[in-house]
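1. Here is the input, now give the coordinates:
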Amino acid sequence: MAKIVTMPNTPNFIRSNFVLRRAVGSIASPYTGKVRTQEYDGVFWEATVSLPPMRRNVAKNWQSFLLELNGPVNHFKFADPDALSNLGTYNVNDLKAKNRINQGSIELDFSATTQTITAPSNTTPFANAVVGDFIIVTGSANPENNGTHKITSITNAYTVVVESESGGLVTEADKTGCTIKSNQKGATGLNLASSTNSATGTILKGDYLQITSSSTAGANPVQYVMVTQDATLNVISGEDTYGVKIQPKLRTAITENHLVRFATPKGLFRLTSNDIDWDADNISNYGISFSCIEVV
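-> Below is the predicted model:
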């Protein structure tokens, strides 16, 4: 079983290359030139980093760390070296998931004209929703209607106006067997709330978040994501709530009160190579670089 090895925290890297890898298949028609694409679950971060020249008394800490990783076997916590602190002003370590929308099989109507999603009038799937919440719809015959949608206004407990990630809804009526949920696998938007009553502040485009493994403070990371739009803030019964658009998509569903870390967020990474090497000159200045990839 892999263990987590603690990475030295000094010195910081002097050069980094940070990449988001996506597994996307595409095929172009030789007759029309139109391209069809298919997204797969393989989405993860990769980095190559270099440390500044170090004397042996400092380099030994990095040498020991890299050797303890045993190639790609063991893991370590790692973050974009140029974005160790977030730009937003949220002032508590963690946020918690709020699954206000959790509707199983239901009939839905989709309107391309009004960009509305409507359930039967005797149901209340959006009774607890707030503007800025992200919903994940499944069951439509049209791919544009499935996936992540941001609620831009709420007409009533069974009708909402949405901003669709696909660019717009496709009109479809009386589609049975649909679901409407939040914080599910594949979501590109999270519904979060402050983890304490004293928490306040903003979450901004370009901030990173750490999806943790549970609702326990200090739990290990399971995914590292970036905020791609300033979060929508609402206050409900004295609690700050945030609709947060992210990339990449959520790898696994998160449950109610599952923690998402804002302060110094990190992902879980492993080395990409079995080999470890370093350079040294005649006065024992060491040069160390390595590449790593997010654990999926």
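
2. So in this structure, where's the weakest helix or strand by average pLDDT?
-> Counting by mean pLDDT, DSSP states H and E, the chain has its least confident helix or strand at strand 232-236, which shows a mean of 87.

3. I figured Gly238 hits Asn197, correct?
-> Yes. Gly238 is in contact with Asn197 according to C-beta atoms under 8 Å; the separation is 6.6 Å. The way it works is simple: take the backbone N, C-alpha and C, and place the C-beta from them, glycine included.

4. more neighbours, the two?
-> Neighbours per residue (other C-beta atoms under 10 Å) separate Gly238 from Asn197, with Asn197 holding more: 10 against 7.

5. Now for that one, which secondary structure element holds it?
-> Using DSSP states H and E, Asn197 is not contained in any helix or strand.

6. Let me see the contact set for it.
-> Shown in contact with Asn197 (C-beta atoms under 8 Å, 6 or more residues apart in numbering): Gly238, Glu239.

7. Tell me the pLDDT of it.
-> As predicted, Asn197 sits at a pLDDT of 79.

8. how close does it get to Tyr158?
-> Taking C-beta to C-beta, to the nearest Å as the measure, Asn197 falls 32 Å from Tyr158.

9. and if you look at Leu190?
-> Counting by C-beta to C-beta, the gap from Leu190 to Tyr158 is 24 Å.

10. Between those two, tell me which one has more neighbours.
-> Neighbour count, other C-beta under 10 Å: between Leu190 and Tyr158, Leu190 has more, with 28 against 19.

11. That one contacts Lys98, doesn't it?
-> No. Counting by C-beta under 8 Å, Leu190 stays clear of Lys98, with 9.2 Å between them.

12. where do the contact lists of the two overlap?
-> Shared contacts of Leu190 and Lys98, counting by C-beta under 8 Å, 6+ apart, come down to Asn183.

13. Okay, helices next: where are they in the stretch 51-200 of the chain?
-> 56-68 (DSSP state H, counting those that start in this stretch).

14. Can you report how many residues lie near the nearest residue in space to Glu256 that is not next to it in sequence?
-> Distances taken as C-beta to C-beta, 6 or more residues apart in numbering put Asn99 closest to Glu256, at 4.8 Å, once the chain neighbours are dropped. Residues near Asn99, counting by other C-beta under 10 Å, number 17.
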